[in-house]
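Asker: would you be able to build a 3D model of this:
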Amino acid sequence: AYQPFKITADIQDLESTITASTVASGQDPVRLRALLRETLVPSAVGYFERALGVKPAAPRAVIFPPSCAVAGENPCAAAAATTPCGTATIPDSMLYGLGKQGTGVEGTDYVLFVTAQATASCISSSGASTGTIAYASYCYRGNAAWLDRPIAGYVNFCPHMLSDEEAKWSKSLSTAIHEIAHALVFSSSLYPWFRDSDGNPRTTRSISSGSPPIVTYTPPPGSPASCTPYLVHEASNSTLQSVTARGLDVWLVVTPEVVAKAREHYGCSTIVGMQLENEPTSSCSVGRPASHWDQRVAMAEFMTPVSQHDSSFSPLTLALFKDSGWYSVNYTSGATIAMHWGKDAGCSFIDEKCLSLNAGTGLTTSPFPAHFCTAQGSRQCTTERKFKGVCLVKTHDAALPSAYQYFSNAAVGGWGLQADFCPTVASYDNGDCRQPENYPTYNFGGETFGSNSRCFDSSFKQNVAGYRTTSTPVTRCYPVRACDSA
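Answerer: Numbers count the residues shown, from 1 in each chain. Purely as a prediction, here's the structure:
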């Protein structure tokens, strides 16, 4: 029977990695260490412990084999001095074998190693920030007793990106949850190991090795010279399918719960699967299944590759957890937040381009004006109406690929490659209608900012201190009598 998921967080060596020299100017390293230990990591772990259940192995404990002193030696003669899990080092108390006598961690289903190191993924060789807030992966999968489920992973927070500012808390928590999800289920290398609701492998296993089939991935022509062929496990077409959508080659997750939740959300009964991001994570993975939902289709979902102003913890990602065969999910645990992006937009939202170009007139219109915009600089509300924002359209240096062309000038489009260059509304830094501190100095629009306020198009204006605005219409924040609290 399923039991509540238990994660043990092993937070390592923050005193030597979160220091005055590694954090951003104005940030207190002592406060940031406390933030990770006492608030951010426990909150992110708590999200998954409330939302997920597992069938624990017997006994309910986790222990790991040590790394071999000689890489690739079989059988291994001696343990290495240290056993890594990503950026972390697994303590000897969790290692057994090759002379190690650790007892592991009892009463847990997963060990999450937490570090805060300024690695090359955080700081480039030139010393500049890469913009990465955190990154994560799994390190160990259990055997058949765990149904191949991951049992250990790590998350590394880039020290200079940490902040204890209240205004940044929501993004920090969303990022932490996003990264831990990669270490639990949302990874292209885990899809081939998924199981069905009866515990049977979704992808047929080799009789001799017990593993999914292995294929050679060859980077396509035009890939960097550093990209060489490599071996990967391949998921069956009952888990993933490759199709063409909107003139693009895309991968779909076609497992039953994901399909059901996608059809329910978008209001389209013919959806075959939920799209994964079609832009590769790296130049050496072109054409491979991604570890994120597609940005264009699920813009605001917390498991898209580029974080948004207000991430939604939608049922789509919990459905993937369920379809892995490793977890039960609780949709009513407070683990889901309504996603307005694409809600009840219909099949055309998935199947057709975001904007429509009339070849005769040369005019571009938006079939989905609450989602995609056409005029650079136009002031609009974001899709879920929590923020005031502005439409972002730019002229690129060259014509965009044909699948991304929406204007008579083929070089014009949105800013984001992951969003298929579809122009969208970006929120203002001070545009959150829910934050009282965003009141304007001169309240010409008679606005109200607070938890129940939302963004509206408005032509209302009033005199303030003898002055009157000439801007109309504009976006304004006003309270509503009843609203979706999400």
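Asker: what's the single longest helix in the protein?
Answerer: Across the chain, the helix with the greatest residue count (assigned by DSSP state H) is helix 169-184.
Asker: now do the same contact list for the residue sitting nearest the centre point of the chain.
Answerer: When CA atoms, centre = their mean is applied to the chain, the residue found nearest the centroid is Met303 (2.5 Å). The contact partners of Met303, by CB atoms under 8 Å, 6 or more residues apart in numbering, come to His178, Ala181, Phe186, His292, Trp293, Leu316, Thr317. C-beta coordinates here come from the backbone N, C-alpha and C atoms, glycine included.
Asker: could you rerun that using 6 Å?
Answerer: By CB atoms under 6 Å, 6 or more residues apart in numbering, Met303 lies in contact with Phe186, His292, Trp293, Thr317.
Asker: from Ser189, how far off is it?
Answerer: Using CB to CB, to the nearest Å, Met303 is found at 16 Å from Ser189.
Asker: tell me which element Ala262 falls in.
Answerer: Here Ala262 sits within helix 256-266, counting by DSSP states H and E.
Asker: what is that helix packed up against?
Answerer: Applying 3 or more CB pairs under 6 Å, 6 or more residues apart in numbering; DSSP states H and E, we find helix 256-266 packed against helix 315-323.
Asker: report how many residues lie close to Leu162.
Answerer: 24 (other CB atoms under 10 Å).
Asker: excluding chain neighbours, give the residue nearest to it in space.
Answerer: Leu32 (4.7 Å; CB to CB, 6 or more residues apart in numbering).
Asker: list the buried residues for the host helix or strand of that neighbour?
Answerer: Here Leu32, judged by DSSP H and E, is contained in helix 29-34. Of the residues in helix 29-34, Pro29, Leu32, Arg33 count as buried by neighbour count, 16 or more other CB atoms under 10 Å.
Asker: for those, give me CSV that also has distance to Arg434 and pLDDT.
Answerer: Below are these laid out as CSV (distance: CB to CB, whole Å; pLDDT from 0 to 100):
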residue, distance to Arg434, pLDDT
Pro29, 31, 98
Leu32, 26, 98
Arg33, 30, 98
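Asker: pick the one among those closest to Lys343.
Answerer: Comparing those against Lys343 with CB to CB places Leu32 closest, at 36.7 Å.
Asker: how close does that closest one get to Ser172?
Answerer: Taken as CB to CB, the span from Leu32 to Ser172 is 11 Å.
Asker: what about Thr8, neighbour count?
Answerer: Counted with other CB under 10 Å, Thr8 comes out at 17.
Asker: distance from the chain centre to stretch 273-288, please.
Answerer: 14 Å (CA atoms, centre = their mean, to the nearest Å).
Asker: likewise stretch 62-80?
Answerer: 33 Å.
Asker: how about stretch 350-358?
Answerer: The answer for stretch 350-358 is 25 Å, by CA atoms, centre = their mean.
Asker: what does it contact?
Answerer: Arg246, Thr364, Thr365, Ser366, Pro367, Phe372, Tyr406, Cys422.
Asker: what are the buried residues along it?
Answerer: Buried residues in stretch 350-358 (16+ other CB under 10 Å): Ile350, Lys353, Cys354, Leu355, Leu357.
Asker: farthest pair in those?
Answerer: Ile350 and Leu357 (19.2 Å).
Asker: contacts only, for the closest residue to Lys100 other than its chain neighbours.
Answerer: Of all residues not flanking Lys100 in the chain, Pro66 sits nearest, at 5.0 Å (CB to CB, 6+ apart). Listed by CB under 6 Å, 6+ apart, the contact partners of Pro66 are Ala79, Thr83, Leu95, Leu98, Lys100.
Asker: let me know the closest of those residues to Arg202.
Answerer: The closest of the contacts of Pro66, once distances to Arg202 are taken by CB to CB, is Thr83, at 30.5 Å.
Asker: poorly predicted segments of this protein, please.
Answerer: 470-472, 483-486 (pLDDT under 70).
Asker: burial measure for Ile123, as a count.
Answerer: 17.
Asker: okay, and the beta partners of it?
Answerer: Note on Ile123: beta-bridge partners by DSSP bridges are Ser129.
Asker: going forward, count from 53.
Answerer: All right, first residue 53 from here; so that's Ile175.
Asker: distance check, it against Phe373.
Answerer: Relative to Phe373, and taking CB to CB, Ile175 is found at 33 Å.
Asker: so the longest helix of the chain versus helix 367-375, what angle?
Answerer: Here helix 221-236 runs at an angle of 30 degrees relative to helix 367-375 (axes from the mean of the first three to the mean of the last three CA atoms, to 10 degrees).
Asker: so how far is the helix or strand following helix 221-236 from its chain's centroid?
Answerer: Using DSSP H and E, the helix or strand that follows helix 221-236 in sequence is strand 266-269. Computed by CA atoms, centre = their mean, the chain-centroid distance of strand 266-269 equals 26 Å.
Asker: list the neighbouring strands of strand 266-269 plus their orientation.
Answerer: strand 282-285 (antiparallel).
Asker: may I see the buried residues of the strand it pairs with?
Answerer: Quick answer for strand 282-285 (16+ other CB under 10 Å): Val284, His285.
Asker: and the contacts of it?
Answerer: Residues outside strand 282-285 that contact it (CB under 6 Å, 6+ apart): Pro244, Pro264, Ile266, Thr268, Tyr269.
Asker: and if we set it to 8 Å?
Answerer: Outside strand 282-285, the residues that reach it (CB under 8 Å, 6+ apart) are Ser241, Pro244, Trp245, Thr255, Ser263, Pro264, Pro265, Ile266, Val267, Thr268, Tyr269, Arg340.
Asker: the third one touches Asn195, doesn't it?
Answerer: No. Here Trp245 does not reach Asn195: they are 11.4 Å apart, not a contact under CB atoms under 8 Å.
Asker: neighbour-wise, which of the two wins?
Answerer: Trp245 (25 against 11).
Asker: give me every residue that touches the more buried one.
Answerer: Arg193, Asp200, Pro253, Thr255, Pro264, His285.
Asker: next, the contact list for the third one, please.
Answerer: By CB under 8 Å, 6+ apart, the residues touching Pro253 are Trp245, Phe246, Arg247, Pro264.
Asker: how far away is the last one from His423?
Answerer: If you measure Pro264 against His423 using CB to CB, the figure is 37 Å.
Asker: Gly156 now?
Answerer: 49 Å.
Asker: export stretch 66-75 to CSV, keeping only CA atoms.
Answerer: Provided in CSV are the C-alpha atoms of stretch 66-75 (Å, rounded to 0.1, in the frame of the first residue of the first chain):
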residue,chain,number,x,y,z
LEU,A,66,27.3,25.6,3.8
GLU,A,67,29.7,27.4,6.1
SER,A,68,32.5,27.1,3.6
THR,A,69,30.5,27.7,0.4
ILE,A,70,28.0,30.5,1.4
THR,A,71,30.4,33.2,2.4
ALA,A,72,30.8,37.0,2.0
SER,A,73,32.8,36.4,-1.1
THR,A,74,30.3,34.1,-2.8
VAL,A,75,27.0,35.7,-2.2
